[in-house]
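>>> all I have is the shape, not the residue letters:
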């Protein structure tokens, strides 16, 4: 008799899988993406190119990567969230108000404890993704970066307590870091997150894309062109006591005149969900939450 556990079902080790990379508009126009567009309005004016990529499993090598070197970092051994206690009542990470009250302080403390020198954290957004067809948001299978230098400055000005504070903060070091964690009870079996080491991604392959909202606000995300030199990774079988820190922006990146800044290699991480060709047809759908916030130094 063979007993199959959830751990047996998790694809492990390096894999070649298809990733969807940015492809520019055919007419040479500036790329845009409309959020919840009205009928007749295109969602976007660009497309994607699907290419096979080797994605390396970093299970067992988690401590080899850092925000300053790779723009991603793994944190492990965290206690259960206070929000998870609500799972007993069937309300695990389903209430925005509860998430703000219970989970936001935990994320703030994690960033303050993990990012050296940080003295202030402002969380401004969170997104829950579930693989179920009925879920409002599922895993995003497109290579992207959540913010650009332009949109980060907008965020600082939008969320600072005053215009004067915003301009003061913009003179120092600031980062936008997403905190990503799975919500599945067992190890993640399907649609894991892939991320490329920032130091292997060229600036020329990062393309700003207008992110247009119905309320008139326009931000920016970034599409990413494929390059053979990019090094891609994932963490197999992630569990609820693990987090991936995904750095969207670091104002010190590339500043060679700063002693510490010269150590920051890239400071922005392309990432995407992907379908592992080894995952079982009946694999449990991945559920996750990503928390966006910026840290001040």
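Great, that's in hand. In this text the structure is predicted, and so the values were computed from the model without any measurement.
>>> chain center to stretch 189-209: distance?
Put simply, stretch 189-209 sits 10 Å off its chain's centre (C-alpha atoms, centre = their mean, to the nearest Å).
>>> any idea of the mean pLDDT for it?
Averaged across stretch 189-209, pLDDT comes to 97.
>>> for that stretch, how far is the first residue from the last?
Its start and end residues considered, stretch 189-209 measures 31 Å (C-alpha to C-alpha, to the nearest Å).
>>> buried stuff in that stretch?
Using 16 or more other C-beta atoms under 10 Å as the test for burial, stretch 189-209 gives 189-198, 201, 205-209. Quick note: C-beta positions are derived from backbone N, CA and C, even for glycine.
>>> so which of these belong to strands?
193, 194, 195, 196, 206, 207, 208, 209 (DSSP state E).
>>> and the two most separated of the buried residues of stretch 189-209?
189 and 208 (34.6 Å; C-beta to C-beta).
>>> quick one: contacts for residue 68?
250, 263, 264, 265 (C-beta atoms under 8 Å, 6 or more residues apart in numbering).
>>> oh, that last question was meant for residue 71, not what I typed.
Applying C-beta under 8 Å, 6+ apart to residue 71 gives the contacts 197, 198, 246, 247, 250, 265, 266, 267, 268, 269.
>>> nearest to residue 36, out of the ones in strands among the buried residues of stretch 189-209: which one, please.
The shortest approach to residue 36 among those belongs to residue 209, at 16.2 Å (C-beta to C-beta).
>>> gap between the spatially closest residue to the closest one that is not a sequence neighbour and residue 226?
Leaving out its chain neighbours, the residue that sits closest to residue 209 by C-beta to C-beta, 6 or more residues apart in numbering is residue 31, at 4.5 Å. Distance of residue 31 to residue 226, given as C-beta to C-beta, to the nearest Å: 16 Å.
>>> what is the worst-scoring helix or strand of the chain on mean pLDDT packed up against?
Using mean pLDDT, DSSP states H and E, the weakest-scoring helix or strand in the chain turns out to be strand 287-296, at a mean of 83. Contact partners of strand 287-296 among helices and strands, from 3 or more C-beta pairs under 8 Å, 6 or more residues apart in numbering; DSSP states H and E: helix 104-114, strand 120-130, helix 149-159, strand 174-182.
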